[in-house]
Each structure stands twice: as C-alpha cells, then as structure tokens.
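Engineer: A structural model of the following input is requested.
(one chain, ligands or ions: 1)
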Amino acid sequence: MNQIMDGKKISNEIKNEIKQEVSELKEKGIEPTLAVVLVGEDPASKIYVSNKKKACEYVGIRSLSYLLPKETTEEELLSLVQTLNNREDIHGILVQLPLPSHIQEEKVIMSIDPKKDVDGFHPINVGALSIGKKAFLPCTPAGIIELLKRSDISIEGKHCVVIGRSNIVGKPISMLLLRENGTVTVCHSKTVNLKELCQQGDIIVAAIGKANFITADMIKPGAVLIDVGINRLENGKLCGDIDFNDCKDKVSAITPVPGGVGPMTIAMLLYNCVLGARQQGEE
Ligand code: NDP
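Structural biologist: Predicted structure coming up:
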C-alpha cells in the first residue's frame, strides 16, 4: 500500500507540542522571540515571512518583523543584525533570503550570532552538523528527517539518493541521512548516470527546482519519495520536482506538493526558536 505523507498533519502535531513547550518557558519567565528581517519586496519572500509570522503566533512565539526597503545598504543590514545579536530578549534571528544583489548574503549569514542562527546557515552550525555535534539544523532537512521518522519510515541501512547539492537542502540532508545511518549518494547537474542511481534508491530526496523532473521510470518499485521542490507552473499551480501522478502507484510512500515538506520546514523553524530560547535561558 502506498502512503501519502501528510506534512500538514505532522507539522500540526509538532506545532502543538511546541505550543506546550512555549507555555512552559513562559511560566519560567522566558518569552521565546524571533526577529524576522526582510529586505525588499520579493513577493515569494513576503509570503514566506507572513507564513512564518502566523506560525509563531499560533504557538505563542513572539515575532518581531523588520521590513527594510530594497535600497538598504549592506552596512545598515549588518548593523541591524548586530543590534539583534546584542538583545537578550531575542532568541532567534532570521534574515529572509534571497537578499538584493548589492548585499553579500554570506557576509550577513556570518554576522548572525550562531546561538541565534535558527536557519542553521552559519558555518559554525554547518560545521557542527558535519561532525555530529549539537547545532541548529537547517529547517527543511530537519523537517524531512522528522517527517520520515513520524511516518515510521526507517533510514538505517537504506540507500538514500539525494538529487541536489545546495547549502540549504541537498548538502545538509545528505549529512543528516548519513547521521541516521543511511547510505547516501548525492547527485547534481554533472552526475552522468542519474537515472540508474535513482533506480537504486530506497529513499529519494529531490531538491532540484525542476517541475516533475523525477518520473516513474527513474524509481524502483516500493521506493520512498521526498519532494522538496516548489515550482510554479504556467497555469499558476504549484508542483514539485517529482511527477506525483506518474510515481504515486509505484512507491511505498510519497510527499505531495504542496502539503509535504513545506509545512515541516516552518515547524522546524519554530522548534529551533524554542531551542534557542531554552539554551539562552540556561546560560
Ligand atoms: P538550488 O538551485 O540551489 O539547487 C538545485 C540543485 O539541483 C543543484 O545542486 C543542481 O546541481 C541540481 N540540479 C539542477 N539540475 C539538475 C539536473 N538536471 N540533474 C541533477 N541535478 C540537477 O536549489 P535549492 O536546493 O535551494 O532548492 C531546490 C528546490 O527546493 C527549489 O524548487 C526550491 O524552491 C525548493 N525549496 C523548498 C523548500 C521547502 O520548504 N519545501 C525549502 C528550500 C527550497 P548543481 O549543483 O550541479 O548546479
């Protein structure tokens, strides 16, 4: 029987657990607080930021929004991040990417205090993840692991084929699958025998950014398919990197788009905020 992994339902379970934790922290006098910084008017970013704000409200996390004009200089943004780093009442800082081209993203990511880096993009957190130390895990990859675990899909010993090697999805999910004792193959645009490699995958994670790229002939029967892609079709509808209709009858489990990995990403952001608040509260 094939299972449609319900990211929305599982993320709601996680949000309710977080809600409970937030109220326990508040009883101890700690109000978990996230600062969200958005530079410019990118429509997709505005939607992401507003969804993150709503999710914070739902669980009781205080969120502070800093909406800056697109002309904001790199120096001004770095100075704001510094102020947020120094504020003891702020436990998490999120600078929404992408930033306007005149601002170097790497410089901004580096400027965030690693203890408040709820996106898990700072090299200190990336390094900690790669050597198996405690770290803020990047939200999408952490959400995928949680989704698999809560769907009772074991990773240990499985051949996991990841397509995509970006810093925010492909590389960290490969590290996390390895940490969970998967055997990991990482593919990218220069991979020669992609189809053959995919056909060997017990678990396939597609993070490519190409609509309906993975088709039924590329997978083995009974595979577990995780679709990270968010692509907008000409008709305005969203679709993933996996051709859902083509693959769904051949798999043992598959995530839909929307409603699969996306909601898990937000749930893990909330999780990281609470983790930050707890850790800073213990200092
Ligand atoms: P990037 O564009 O940074 O990376 C895409 C990766 O796919 C690259 O490593 C690239 O290889 C690889 N790739 C491109 N074409 C091919 C090909 N023909 N064959 C094999 N590999 C290929 O994207 P992101 O990782 O940031 O995002 C991927 C997708 O996930 C996007 O649709 C994005 O919108 C979505 N996303 C969804 C999130 C969620 O919450 N659900 C969160 C983050 C992203 P190479 O390195 O060689 O160029």
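Engineer: Thought residue 272 was touching residue 56, still the case?
Structural biologist: No: Residue 56 is beyond contact range of residue 272, at 11.7 Å (criterion: Cβ atoms under 8 Å). No exception for glycine: its C-beta is placed from N, CA and C like everyone else's.
Engineer: Need the nearest residue in space to whichever residue of the stretch 1-150 of the chain sits closest to the ligand, chain neighbours excluded.
Structural biologist: Relative to the ligand, the nearest point of the stretch 1-150 of the chain is residue 140 (4.2 Å; Cβ to the nearest ligand atom). Once flanking residues are discounted, residue 140 sits nearest to residue 265: 4.6 Å by Cβ to Cβ, 6 or more residues apart in numbering.
Engineer: who's in contact with residue 17?
Structural biologist: By Cβ atoms under 8 Å, 6 or more residues apart in numbering, no residues touch residue 17.
Engineer: secondary structure class for it?
Structural biologist: Following DSSP: H, G, I helix; E, B strand; the rest coil, residue 17 is assigned to helix.
Engineer: Can you name the residues of this structure that neighbour the ligand?
Structural biologist: Selection of the chain residues close to the ligand by Cβ under 6 Å from any ligand atom yields 140, 163-166, 168-170, 187-191, 194, 207-210, 228-231, 261-262, 265.
Engineer: State the distance from residue 256 to the ligand.
Structural biologist: According to Cβ to the nearest ligand atom, to the nearest Å, residue 256 stands 11 Å off from the ligand.
Engineer: Then residue 178?
Structural biologist: For residue 178, the distance to the ligand (Cβ to the nearest ligand atom) stands at 17 Å.
Engineer: that older thread, contact partners for the residue of the stretch 1-150 of the chain closest to the ligand?
Structural biologist: Going by Cβ under 8 Å, 6+ apart, residue 140 touches 168, 169, 173, 207, 228, 261, 264, 265, 268.
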